[in-house]
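Chemist: Here is my input; please provide its structure:
(chains A and B)
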2 protein chains.
Amino acid sequence: MDNISKFKQKFDPYLKNYLEQKLNYFTNYTKDTAILDYLNYIKIIILSGGKRIRPYLAFLMYQALGGKEKEKALKLLVFLEIFHSFCLVHDDIMDKASLRHGVKTANAYITGKLKEDKRIGDLLHVGDSQAILFGDLLSSWGQEIVNLNTDFDSQILREIKILSYEMGDEVSVGQMIDVDIVTRKKVSKELIDEKTYLKTAGYSFVKPLLIGAALSGKSTGKINNFCKNFGKALGFAFQIQDDLLDITSSEKKLGKTTSLDKSQNQHTYFTYFPSLEYGKKIISENFKQAKNLIKNLSINENTKEKFLDLVNLIQKRTF
Amino acid sequence: MDNISKFKQKFDPYLKNYLEQKLNYFTNYTKDTAILDYLNYIKIIILSGGKRIRPYLAFLMYQALGGKEKEKALKLLVFLEIFHSFCLVHDDIMDKASLRHGVKTANAYITGKLKEDKRIGDLLHVGDSQAILFGDLLSSWGQEIVNLNTDFDSQILREIKILSYEMGDEVSVGQMIDVDIVTRKKVSKELIDEKTYLKTAGYSFVKPLLIGAALSGKSTGKINNFCKNFGKALGFAFQIQDDLLDITSSEKKLGKTTSLDKSQNQHTYFTYFPSLEYGKKIISENFKQAKNLIKNLSINENTKEKFLDLVNLIQKRTF
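Modeler: Model prediction:
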């Protein structure tokens, strides 16, 4: 089993425990069985899949800098996965997606349930509306986990809060660009890069790494620079590879609706440049840079190895 | 000029200042003129209208309990109005509303702008998608204001955080019920009451009052009970009156799309009970109870007067 899968095994019980506690509490608000059934689906969506790459990156960086409070760190880092689920739930509405990690998206599940129950009205819209509220809840929960935490020093937590608010702003603006450019006939490469940084590199790589570093209480300017440069290289490689897979992979393998980019007028390196070659070159250059940055970093060899393993794992993925 | 309008005059510069600072910062993320134009519309929506009833209630309670840090309190209470705007922006998508406080809703503005610019695709859906992201930003900003605040004692801030997370959960579940019941042919009075508590009484009245009390650092069990009982009575009166006005008032007067309840299969006291009289009776009983609770509260006469004025103002509104 690879390291990230081992991490997921350790991490998911914290995630599951958090969600169960939180959802149990909601029976204080309503006993309505339909509403409680929808709410319970939040747990199904989150636990059905996902690689946990964001908490994993944060945890690796935390350990790389000597962080020893394993359980407390995992408990806190649940917030990254909850935040990510919030983004996915809202993205799925915008993308009109019905499948994610092999299970129905929130909007598709609720619309399906309403149809089953022979409800009246615009059930597609109602499903979307409920999914907006799912996301709103998850956004709030993610913040709550950080902001009510008392396991770490308040100065450390303050740094993490600042990073997480920046992360929230960045990912929303990135998604605004993403949503807007599908209505444009042409966009600049600069705007594609801006989107890729905000929506993927900053959000999924740089910020989790910086959060892990901050959590250790032992970050330095040098370490923060590594987080930014390594995260950016790996993030660009990951996103452009994802765009490539959107073209080359099949729906079945990926467990989500695919080949949407072109049909939805999405702009990527592969719609911008005439051939696949330029994008492929950028992917491989960024993977190479990411690996070099790890090699030159002064952290213990064991963690270095794990960072390299992760880069290789991402580079080799075919779906 | 009535007291709440005077409050708005004092409060809005803090709100405006916050929004300008925040939005200015976003030019660091993108220089794209379309995206910046959308973002700037957040300011227009928020400053174009609204009575500021939530921060006003919190501020009154803060002052009733001897709170003296006027400027610091107003600066913090901006979060309640930002949070409220987040709810409205998402509600407007769910309600397919195009007008609010006399200006276009976020979704309508962006869809209109896209049409003007002759963009391609499902522009109604894109407008909705961007409005989802507007709301997401506002939700995050509201929390950021509280969670990065250093003007108040950390124990006071912790209480406010706990209250605000409860508020977030309550209003989302309330809205989930609201959205779900339009697809049902019949609902119980209990569910209408649950919705009214969660979506209006708890969120717009009880929680702001409790937050103001907590902010003073001098709350007691007795005071918290007043916040809960008075907030609940005033909240039920307000919401049922709102449902009544949906039937009796005109779109022009209200500055928002009206008479939607019936056409959208919404369930209220007025769709549940055969005549208007029962709902009217409940409204007047709740206003009466709210006034009695104020009269029996031991706070200074000046603040008592202001609470009574507010109840009278709400009771007399015709739009």
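
Chemist: can you list the residues that contact stretch A:165-175?
Modeler: Residues external to stretch A:165-175 that are found in contact with it (C-beta atoms under 8 Å, 6 or more residues apart in numbering or on different chains): A:83, A:87, A:90-91, A:94, A:139, A:194-195, A:197-200, A:202-203, A:207, B:25-26, B:29-30, B:35, B:39, B:133, B:136-137, B:140, B:143-144, B:147-148. Bear in mind the C-beta positions are built from the backbone N, C-alpha and C, glycine included.

Chemist: let's see it at 6 Å
Modeler: For stretch A:165-175, contacts defined as C-beta atoms under 6 Å, 6 or more residues apart in numbering or on different chains pick out A:87, A:195, A:198-199, A:202-203, A:207, B:29-30, B:133, B:136-137, B:140, B:144.

Chemist: Next, count neighbours for residue A:129.
Modeler: 26 (other C-beta atoms under 10 Å in any protein chain shown).

Chemist: How about it: what's its closest non-neighbour residue?
Modeler: residue B:94 (4.1 Å; C-beta to C-beta, 6 or more residues apart in numbering or on different chains).

Chemist: who's in contact with the residue in the stretch 1-150 of chain A positioned nearest to chain B?
Modeler: Closest contact between the stretch 1-150 of chain A and chain B, by C-beta to the nearest C-beta, is at residue A:119 (3.6 Å). Going by C-beta under 6 Å, 6+ apart, residue A:119 touches residue B:183.

Chemist: give me that answer again for 7 Å
Modeler: Contacts for residue A:119 (C-beta atoms under 7 Å, 6 or more residues apart in numbering or on different chains) come out as B:183, B:184.

Chemist: For my notes, confirm it occurs in a helix.
Modeler: No: using DSSP: H, G, I helix; E, B strand; the rest coil, the secondary structure at residue A:119 is coil, not a helix.

Chemist: Dihedrals phi and psi, it?
Modeler: Dihedral angles of residue A:119 (phi, psi; degrees, to the nearest 10) stand at phi -70, psi 170.

Chemist: ok, now residue A:96?
Modeler: Backbone torsions for residue A:96, taken as degrees, to the nearest 10, come to phi 50, psi 40.

Chemist: Spatially nearest residue to it, not counting backbone neighbours?
Modeler: Residue A:96's closest residue in space is residue B:125 (C-beta to C-beta, 6+ apart), at 7.6 Å.

Chemist: so which strand or helix has the one you found?
Modeler: Residue B:125 is part of helix B:123-147 when elements are defined by DSSP states H and E.

Chemist: Surely residue A:187 forms part of a strand?
Modeler: No: counting by three-state DSSP, residue A:187 falls outside a strand, being coil.

Chemist: contacting residues around it?
Modeler: So residue A:187 contacts A:181, A:267 (C-beta under 7 Å, 6+ apart).

Chemist: how far away is it from residue B:90?
Modeler: Per C-beta to C-beta, to the nearest Å, residue A:187 is found 28 Å from residue B:90.

Chemist: What's the local residue count around residue A:315?
Modeler: For residue A:315, using other C-beta under 10 Å, the count is 18.

Chemist: Which of the three states applies to it?
Modeler: Under three-state DSSP, residue A:315 comes out as helix.

Chemist: which residues does it contact?
Modeler: By C-beta under 7 Å, 6+ apart, the contact set of residue A:315 is residue A:287.

Chemist: What's the separation between it and residue A:200?
Modeler: The gap separating residue A:315 from residue A:200 is 16 Å, by C-beta to C-beta.

Chemist: same question, residue A:117
Modeler: From residue A:117 across to residue A:200, the span is 38 Å (C-beta to C-beta).

Chemist: same deal with residue A:177?
Modeler: From residue A:177 to residue A:200 the distance is 12 Å (C-beta to C-beta).

Chemist: tell me the contacts of the residue in the stretch 201-319 of chain A positioned nearest to chain B?
Modeler: Nearest residue of the stretch 201-319 of chain A to chain B: residue A:265, at 6.2 Å (C-beta to the nearest C-beta). Counting by C-beta under 7 Å, 6+ apart, residue A:265 touches A:182, B:120, B:121.

Chemist: Just the element for it, please.
Modeler: Per DSSP H and E, there is no helix or strand for residue A:265.

Chemist: ok, back up a step: next structured bit after the helix holding residue B:125?
Modeler: Next helix or strand after helix B:123-147 toward the C-terminus (DSSP H and E): helix B:154-181.

Chemist: List the buried residues in the very next helix or strand once past that next one.
Modeler: Sequence-wise, the next helix or strand downstream of helix B:154-181 (DSSP H and E) is helix B:189-196. By neighbour count with 16 or more other C-beta atoms under 10 Å in any protein chain shown, helix B:189-196 contains the buried residues B:191, B:192, B:194, B:195, B:196.

Chemist: tell me which parts of the stretch 201-319 of chain A are close to chain B?
Modeler: The stretch 201-319 of chain A has residues residue A:265 near chain B, with proximity defined as C-beta under 7 Å from any C-beta of the partner chain.

Chemist: can you give me the helices in the stretch 201-319 of chain A?
Modeler: Here the stretch 201-319 of chain A has its helices, by DSSP state H, counting those that start in this stretch, at A:207-216, A:221-248, A:251-254, A:260-263, A:269-272, A:277-295, A:301-316.

Chemist: Specify which residue of residue A:117 and residue A:200 has the higher count of neighbours.
Modeler: residue A:200 (24 against 12).

Chemist: since we're on the residue lying closest to the more buried one once chain neighbours are set aside, how many residues are nearby?
Modeler: Closest residue to residue A:200 apart from its sequence neighbours, by C-beta to C-beta, 6+ apart: residue A:239 at 4.0 Å. Residue A:239 is flanked by 23 other residues according to other C-beta under 10 Å.

Chemist: so what pLDDT did residue A:239 get?
Modeler: pLDDT for residue A:239: 95.
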